[in-house]
Each structure stands twice: as structure tokens, then as C-alpha cells.
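Visitor: Quick one, structure for this:
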Amino acid sequence: MKTLTPAQRQYLKGLAHNRQAVVMIGNQGLTAAVLKEVDLALTAHELIKVKAASDEPDTRRAWMEEICSTTGAAPVQQIGKMLVIYRAAAKPVIALPG
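Guide: Now for the predicted structure:
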């Protein structure tokens with residue numbers, strides 16, 4: 001799992017603000033199919049929002065950790081049921097500060 005500096009995290013939060021969720025984790029939880037969709041979305045967009053159906057904060061936190069460790073991404077932010085995740089592409093489109 002990649003780590004971000006506070007300045008990078010703040011910059012990515014600003015970019016993510018106007019974006020819509022591209023992946024949803026449903027009642028079945030974090031399945032292999034969901035992880036594959038997250039990986040594809042990260043490849044296409046670098047910065048994505050994932051909407052989680054669970055009402056349990058600990059479950060959502062565990063999902064965020066599992067997604068990031070599985071895909072090699074970095075957690076940006078978790079607000080309620082929305083998870084924001086970043087992974088730089090081979091040719092990065094988003095230029096991170098610092």
C-alpha cells in the first residue's frame with residue numbers, strides 16, 4: 001500500500017470532491033469481482049470513489065485497507081460510505097505536489 005504526504009492527500013481530496021462513485025460495494029461485500037472493477041477503474045482514472053453499502057464503519061475501514069493492499073493503491077479519504085482511492089498510472093495524468 002502506497003503512502004501519501006499530507007499535501008498530496010489534500011490535493012487529491014480537492015480533485016475527488018466533484019467526482020462520482022465509479023464502483024459500488026453491495027450487499028455481497030468485497031468480492032473478487034468488485035476488486036477487479038476497482039483495479040480496472042484505477043487503471044482508467046487514477047483517482048476514484050467507491051461507495052460502500054455497509055453501515056459498519058469498521059467494515060468500511062477494513063474494505064479500504066484490503067482494496068489498497070490488493071491493488072497497490074493509496075487511501076486518500078473515507079467520508080461516511082464513500083471511499084476515495086488513488087493509484088498512479090504508468091503515465092500519470094494527475095501531477096501530485098511535493
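Visitor: Isn't residue 78 up against residue 61?
Guide: Yes - assessed by CB atoms under 8 Å, residue 78 is found in contact with residue 61 at 6.8 Å. From N, CA and C alone the C-beta is placed, and that goes for glycine too.
Visitor: So which residue is smack in the middle of the protein?
Guide: Geometric centre of the chain, nearest residue: residue 85, 2.0 Å, by CA atoms, centre = their mean.
Visitor: mind listing what the closest residue to that residue other than its chain neighbours touches?
Guide: In space, residue 85 comes closest to residue 73 once its chain neighbours are excluded; the distance is 4.9 Å by CB to CB, 6 or more residues apart in numbering. The contact partners of residue 73, taken as CB atoms under 8 Å, 6 or more residues apart in numbering, are 1-2, 42, 67, 85-87.
Visitor: can you do 7 Å?
Guide: With contact set as CB atoms under 7 Å, 6 or more residues apart in numbering, residue 73 has these partners: 2, 42, 67, 85-87.
Visitor: Any of the residues you listed buried? List them.
Guide: 42, 67, 85-87 (16 or more other CB atoms under 10 Å).
Visitor: right, and the helix or strand after the strand or helix carrying residue 50?
Guide: Following DSSP states H and E, the helix or strand that holds residue 50 is strand 47-52. Next helix or strand after strand 47-52 toward the C-terminus (DSSP H and E): helix 57-71.
Visitor: What residues sit buried inside that next one?
Guide: 60, 63-64, 67-68, 71.
Visitor: just stretch 85-98 next, same as before
Guide: Quick answer for stretch 85-98 (16+ other CB under 10 Å): 85-88.
Visitor: tell me the least confident of those residues?
Guide: Ranked by pLDDT, those bottom out at residue 88 (94).
Visitor: How about the contacts made by it?
Guide: Applying CB under 7 Å, 6+ apart, we find residue 88 in contact with residue 46.
Visitor: What distance do you get for it to residue 26?
Guide: Distance, residue 88 to residue 26, by CB to CB, to the nearest Å: 28 Å.
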